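K.L.:
I'll drop the sequence and a predicted model, then ask my questions.
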Amino acid sequence: MSVSRMILRIAVFFVSIFTLLAADTRDFFIVNTFNEEFVNWATPHVQTFEFPSDEVSFSSIELVITLACPSDSGDCDPWDRLGHITVLHETGETDTAGSPVTIPYEIARFITPYDITGEWGGESGPGSCAWSLDMTAYESILRDSVTLSLYISTWMGNNNGWLITADFIFTGGFNLKEPYRIVNLYRTGYLEIGNPDNPVENFLVPKPVWIDTEADSGYIRVVTTGHGFGNTDNAAEFSYLHHTVKADDAEYIWSLWRPDCAQNECSPQGGTWIYPRAGWCPGDKVTPTDWSITPVISPGDSMLFDYDLEDYFNCCRTSNPDCTGAPPCCVYNGCGENTMPNYVMSVQLILLRNRCQGWNPGDLNRDNTKDIFDLLMIADMVLVGESDIPCYNYVGDVNENGIVDLGDVIGMALDILNGE
């Protein structure tokens, strides 16, 4: 056996002994923001919280939202309400009046359940519900001092409402792809559909966006929910319509529909929670629709983005002279007596870049080869701790499990022994 191979095997054995003495665990950092925040009226609750600095790297960020019912003399709001959490991000710029420029980015949407404190079919309601949402895409705006806005469209105004807790869980590690830029393409309130006197095309206009030269991938994130019912096709809460997003000449089409409401874990509930709906279910998070534009991305150029809706005509309008007030024009009630059919939309472009452009896995000293010096550097990170420079950790993570550990030392040693 050659001296170099002997040294490698001794190094692997030495590192193995010391690494196995410690558990292979990742660091977690939890930011508790709203803590049983009482919400009983449709007024935003705005607070500022301290988040980790951008000097610390994380492999993922998760948001856990918990809804609970007020105790004592209060109870939960028994109706399904639209809720969301938004980051009010200060850009560092000022407007013409000298005021700070703030951009709102919706990062999470949910719909509150119907009554969850009663009993149905001999089974009691859960009393509280919790959901987890992936926040990794919003890493760039969840750093240092962060202002959050919590909103629920509830109108109780008494002791009834919701206790909202929102915890952000940061998992230590490193992602090669950095989501560094967010662009709000469309952000609507209650956008009426089916009214030719107020066409959605007036609001969903094509949006040109300059793509930075450093961007190497990206996707469009769509969070759209349909509301209003009793109209033609029972729109928009219970209507099945197709939606289309476009990036230059490419497009993605999907149906805005949740067919699985009856399987909701936040159950049983009162009300009609089991019925499918347009993009949401009572007592559940709203899962974004993500469409990758990486195959058509144009760094260093402008791209045109657009959002189209399937043609829809709401016959059940007061302004429609042909409204009959009966099916199929109106599913129920009379002309204009229902909540207008509408969509609440948050459409974002999320751009990513390579954090470690020019770095190659295993080549820590950047001499374009894997050698004993690289192995010793990896072993040092296992014994002493990962580097403060994320790209060192990236190239040291030979087995690509998100952390530099004993497996990377063994894998690196085998690569060198095999002449790779």
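P.N.:
Everything's here; your move.
K.L.:
Mark out where each domain of this protein begins and ends.
P.N.:
3-24+360-417, 33-175, 177-355 (automatic domain parsing).
K.L.:
Output the ones you listed as a markdown table; include the columns mean neighbour count and mean pLDDT.
P.N.:
In short, each C-beta sits where N, CA and C put it, glycine included. As requested, the domains of the chain are exported to a markdown table (neighbours: other Cβ atoms under 10 Å; pLDDT from 0 to 100):
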| stretch | mean neighbour count | mean pLDDT |
| --- | --- | --- |
| domain 3-24+360-417 | 17 | 71 |
| domain 33-175 | 17 | 93 |
| domain 177-355 | 18 | 96 |
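K.L.:
ok, and the closest non-adjacent residue to residue 105?
P.N.:
Nearest residue to residue 105 in three dimensions, chain neighbours excluded: residue 87, at 4.7 Å (Cβ to Cβ, 6 or more residues apart in numbering).
K.L.:
what about that neighbour, which helix or strand?
P.N.:
In the assignment (DSSP states H and E), residue 87 maps to strand 82-94.
K.L.:
Would you map the helices across the stretch 251-400 of the chain?
P.N.:
Here the stretch 251-400 of the chain has its helices, by DSSP state H, counting those that start in this stretch, at 372-384, 390-396.
K.L.:
Residue 306 is nearest to which of these?
P.N.:
helix 390-396 (36.1 Å; Cβ to Cβ).
K.L.:
what packs against that closest one?
P.N.:
Judged by 3 or more Cβ pairs under 8 Å, 6 or more residues apart in numbering; DSSP states H and E, the packing partners of helix 390-396 are helix 372-384.
K.L.:
list the helices and strands the helix it packs on packs on?
P.N.:
On a contact count with 3+ Cβ pairs under 8 Å, 6+ apart, helix 372-384 meets helix 3-19, helix 390-396, helix 406-417.
K.L.:
Of all the residues in the very next helix or strand once past the first one, which ones are buried?
P.N.:
Scanning forward in sequence from helix 3-19 by DSSP H and E, the next helix or strand is strand 28-32. The neighbour-count check on strand 28-32 (16 or more other Cβ atoms under 10 Å) flags residue 31 as buried.
K.L.:
distance between strand 28-32 and the chain's centre?
P.N.:
Its chain's average C-alpha position is 17 Å from that of strand 28-32, according to Cα atoms, centre = their mean, to the nearest Å.
K.L.:
which secondary structure elements does that strand contact?
P.N.:
strand 162-172.
K.L.:
Give the pairing partners of the helix or strand following the strand it packs on; include direction for each.
P.N.:
With elements assigned by DSSP H and E, the helix or strand that comes after strand 162-172 is strand 177-187. Applying DSSP bridges to the sheet, strand 177-187 is found paired with strand 342-354 (antiparallel).
K.L.:
Can you name every helix or strand that the strand holding residue 87 contacts?
P.N.:
strand 100-111, strand 145-152.
K.L.:
so which of those strands gets nearest residue 344?
P.N.:
That would be, of those and by Cβ to Cβ, strand 100-111, which comes in at 8.1 Å.
K.L.:
Give me the contacts around that closest one.
P.N.:
63, 65, 67, 80-95, 131, 133, 135, 138, 141, 147, 149, 182, 184, 187, 223, 225, 280-286, 346, 348 (Cβ atoms under 8 Å, 6 or more residues apart in numbering).
K.L.:
could you redo the last one with a cut-off of 7 Å?
P.N.:
63, 65, 80-91, 93-95, 131, 133, 135, 138, 141, 182, 184, 223, 225, 280-286, 346 (Cβ atoms under 7 Å, 6 or more residues apart in numbering).
K.L.:
Can you tell me the strand partners of it and which way each runs?
P.N.:
The pairing partners recorded for strand 100-111 under DSSP bridges are strand 82-94 (antiparallel), strand 284-285 (antiparallel).
K.L.:
The residue nearest to residue 105 and residue 311, how far apart?
P.N.:
Distance, residue 87 to residue 311, by Cβ to Cβ, to the nearest Å: 35 Å.
K.L.:
tell me what the host helix or strand of residue 221 is packed against?
P.N.:
Using DSSP H and E, residue 221 sits within strand 217-227. Contacts defined by 3 or more Cβ pairs under 7 Å, 6 or more residues apart in numbering; DSSP states H and E place strand 217-227 against strand 100-111, strand 242-247, strand 289-292, strand 342-354.
K.L.:
again, only this time at 10 Å
P.N.:
In terms of contacts (3 or more Cβ pairs under 10 Å, 6 or more residues apart in numbering; DSSP states H and E), strand 217-227 is packed against strand 82-94, strand 100-111, strand 177-187, strand 242-247, strand 250-255, strand 289-292, strand 301-309, strand 342-354.
K.L.:
now that strand, how far from the centre of its chain.
P.N.:
Chain-centre distance of strand 217-227: 10 Å, with Cα atoms, centre = their mean.
K.L.:
That strand pairs with which strands?
P.N.:
By DSSP bridges, strand 217-227 pairs with strand 289-292 (antiparallel), strand 342-354 (antiparallel).
K.L.:
right, and the ones you listed - which one's nearest residue 119?
P.N.:
Among these, the nearest to residue 119 by Cβ to Cβ is strand 342-354 (32.0 Å).
K.L.:
right, and residue 226 touches residue 235 too?
P.N.:
Yes - counting by Cβ atoms under 10 Å, residue 226 touches residue 235, with 6.9 Å between them.
K.L.:
what's the overlap in contacts for the two?
P.N.:
In terms of Cβ atoms under 10 Å, 6 or more residues apart in numbering, residue 226 and residue 235 are both contacted by the residues 193, 241, 278, 341-343.
K.L.:
what's near enough to touch the nearest residue to residue 194 once chain neighbours are set aside?
P.N.:
The shortest distance from residue 194 to any non-neighbouring residue, by Cβ to Cβ, 6+ apart, is to residue 314 (3.0 Å). Neighbour list for residue 314: 192-196, 228, 231-233, 235-236, 239, 320, 323, 329-330, 336, 338, 340-341 [criterion: Cβ under 10 Å, 6+ apart].
K.L.:
Then residue 37?
P.N.:
45, 47, 150, 152, 161-166.
K.L.:
what do you get for residue 400?
P.N.:
With Cβ under 10 Å, 6+ apart, residue 400 has these contacts: 176, 361, 394, 407-408, 411.
K.L.:
Now render the residues you listed as a markdown table, adding distance to residue 304.
P.N.:
Below are those laid out as a markdown table (distance: Cβ to Cβ, whole Å):
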| residue | distance to residue 304 |
| --- | --- |
| 176 | 29 |
| 361 | 37 |
| 394 | 34 |
| 407 | 46 |
| 408 | 44 |
| 411 | 45 |
